[in-house]
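Colleague: here are the coordinates; sequence isn't available:
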């Protein structure tokens, strides 16, 4: 710690509709977590500790999507108490895998799944945090990359722009020397339309990209879908490829909808 | 300079010699369903029994029955990733009282020997030399010290291409398939009946000294003729070509063609073409700090003109649409590169065609642009 930083900014981590995987990514920072704890006061992070202190908070990390009327109210409260609000992960940023229900009838799903659907109070759609309140930054991924979370906290504390690229996943594959699975193995891969950030995990293990980090800047999904068809995918398979963890992100939603 | 003939065993001895001399040997080997250039430890790592098929957007590794060691064409990488690494530390700084101390990272000083470099990649190396050594800008070696050191220490053993892929067009770019100079040694693999030899042309004193350390005999007229024969057959088998006559002007004079937008309809803007291109040299700078701000690092990473952020300046990106970025890339390669560096930026390796996930073919696009411009002129 340098002497100049006497004030430890308050960090809060919030959960909405989600699997907790992004919060776990933060916990996976392990040794770095100690450094984070030195640099900020972890004021609210129920996944890590029951201890909590009241707001306002300097930086709120929000996991999960908005799926209930209660969450709609609660996110406004979080926003009111937060100087910077950053969403973490595909749920908070795009509605998550649970946004697949947006393509069908939620009432019907509710009746099919629950013995007493009358107890379930839910919204028709699963939507990103940005649909409910203004968001300062969105961190992508299902889950988020722990290095990107660290980088974001770090940049915020040091008053600099974070190094979070918006370009395609292909850049990461090529920088690490992964041979393209689509060209060399004929596997469909969402990498060319997906934002970098995971480090190129799937192609490095000989699988196509699942699009966990959502659409990159200027994604040409139509051209990629056309190539998928050329590789032998049926329209239904093309739709399923785009309607995954980031199905409700506009470019993926529209492209998937165009194939049936 | 002279040429010698060595047997397959002699060539194996040559590789052993390089390792014994302390070189880090980089050569072709099979990994990840492709022939890639990586560290090799001897003849056994070379892709014997393998070849490849390449078309636009498609690469397939294939088995063959040949004992040939170089029966393949260029794969996804060459020498660029070693001479110009994709991620490089530029400097590190540590807070020091009220100031800070800057450290330059130390280079891995092991000399590299590149084995089996193709003619197109050799030409690309000479093009990147002009970019990185600073002569193009200041007339002296004022450029990238790391690159210049790696390059000057590197031993280059090229190979005459004995086969061409569907996406090769080096013959029309006048860079291959036979290297003419700029190497330390050039191999030509001769398989004839039971014979498996290498005719080795000497291109430098360093190459001559290396060759003198292994058993060889002087090449005769027949051996030398074989090099020309192999190169001629490879040229004839080349899958593609680019007509370069007048191309510099055609591209410079036609930035507003509708065809740029037609290409952008297919272009993913993913940047793969630039990453696999052996002459593309763009990079970005990333500054990082640790949490308490006591350590800072500056890194250089490969970047691409297909990333909108690459042209980001105050107020936004200059090339905001894919057609503008594609036009920038193609025009730079075949037109403005001449203005900037006095050579073409394309060597005809065909990688951008093979490794484009949707198979956009620059030779086709250039042909289409030429035809449209011609048609407009005739009207």
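Modeller: Sure thing, it's come through. What you see is a predicted model; the values in this text were computed from it and never measured.
Colleague: biggest strand in chain B by residues?
Modeller: Counting by DSSP state E, the longest strand found in chain B is strand B:87-96.
Colleague: domain ranges for chain B, per the record?
Modeller: B:3-237, B:247-378 (automatic domain parsing).
Colleague: now do the shortest one: distance from first to last residue.
Modeller: The first residue of domain B:247-378 is 17 Å away from its last residue (Cα to Cα, to the nearest Å).
Colleague: and if you look at the first one?
Modeller: Domain B:3-237 has its terminal residues 26 Å apart, counting by Cα to Cα.
Colleague: before we move on, back to that, quick one: buried residues of the longest strand of chain B?
Modeller: By neighbour count on 16 or more other Cβ atoms under 10 Å in any protein chain shown, the buried set for strand B:87-96 is B:88, B:92, B:93. Using the backbone N, CA and C atoms, a C-beta is placed for each residue, glycine as well.
Colleague: to residue A:96, which of the domains of chain B lies closest?
Modeller: domain B:247-378 (25.0 Å; Cβ to Cβ).
Colleague: just to revisit the earlier point, can you narrow the buried residues of strand B:87-96 to ones near chain A?
Modeller: With Cβ under 8 Å from any Cβ of the partner chain as the criterion, no member of the buried residues of strand B:87-96 is in contact with chain A.
Colleague: circling back to that earlier point, the longest strand of chain B: how far from the chain's middle?
Modeller: Here strand B:87-96 is found 29 Å from its chain centre; the criterion is Cα atoms, centre = their mean, to the nearest Å.
Colleague: please apply the same query to stretch B:241-249.
Modeller: The answer for stretch B:241-249 is 21 Å, by Cα atoms, centre = their mean.
Colleague: pretty sure residue B:134 sits against residue B:145.
Modeller: No - counting by Cβ atoms under 8 Å, residue B:134 sits too far from residue B:145 to count as a contact (9.5 Å).
Colleague: those two - which one has more neighbours?
Modeller: Shown here are residue B:134 and residue B:145; by other Cβ atoms under 10 Å in any protein chain shown, residue B:134 has more neighbours (17 against 14).
Colleague: re the thing from before, let's have the domains of chain B in JSON lines, adding distance to residue A:65.
Modeller: Putting the domains of chain B into JSON lines (distance: least, Cβ to Cβ, whole Å) gives the following:
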{"stretch": "domain B:3-237", "distance to residue A:65": "34"}
{"stretch": "domain B:247-378", "distance to residue A:65": "28"}
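Colleague: between the buried residues of strand B:87-96, which is nearest residue B:167?
Modeller: Looking across those and measuring by Cβ to Cβ, the closest to residue B:167 is residue B:88, at 29.5 Å.
Colleague: and the spatially closest residue to that closest one that is not a sequence neighbour, which of the three is it?
Modeller: Using Cβ to Cβ, 6 or more residues apart in numbering or on different chains and skipping the chain neighbours, the partner closest in space to residue B:88 is residue B:300 (4.7 Å). Here residue B:300 is recorded as strand under DSSP: H, G, I helix; E, B strand; the rest coil.
Colleague: cool, and residue A:14?
Modeller: Once three-state DSSP is applied, residue A:14 turns out strand.
Colleague: across the sheet, point out what pairs with it.
Modeller: residue A:62 (DSSP bridges).
Colleague: is it true that it touches residue A:43?
Modeller: No - with contact defined as Cβ under 8 Å, residue A:14 does not count as touching residue A:43 (11.3 Å).
Colleague: so these two - more neighbours on which side?
Modeller: More crowded of residue A:14 and residue A:43, by other Cβ under 10 Å: residue A:14, with 26 against 21.
Colleague: enumerate every residue touching that one.
Modeller: A:44, A:60, A:61, A:62, A:63, A:64, A:78 (Cβ atoms under 8 Å, 6 or more residues apart in numbering or on different chains).
Colleague: just to revisit the earlier point, against which helices or strands is the longest strand of chain B packed?
Modeller: Judged by 3 or more Cβ pairs under 8 Å, 6 or more residues apart in numbering or on different chains; DSSP states H and E, strand B:87-96 is in contact with strand B:99-103, strand B:295-302.
Colleague: can you lay out the ones you listed as a markdown table showing distance to residue B:253?
Modeller: Formatted as a markdown table, the helices and strands packed on strand B:87-96 follow (distance: least, Cβ to Cβ, whole Å):
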| stretch | distance to residue B:253 |
| --- | --- |
| strand B:99-103 | 47 |
| strand B:295-302 | 31 |
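Colleague: mind checking how far the residue nearest to residue B:88 is from residue B:146?
Modeller: Note on residue B:300: its distance to residue B:146, by Cβ to Cβ, to the nearest Å, is 9 Å.
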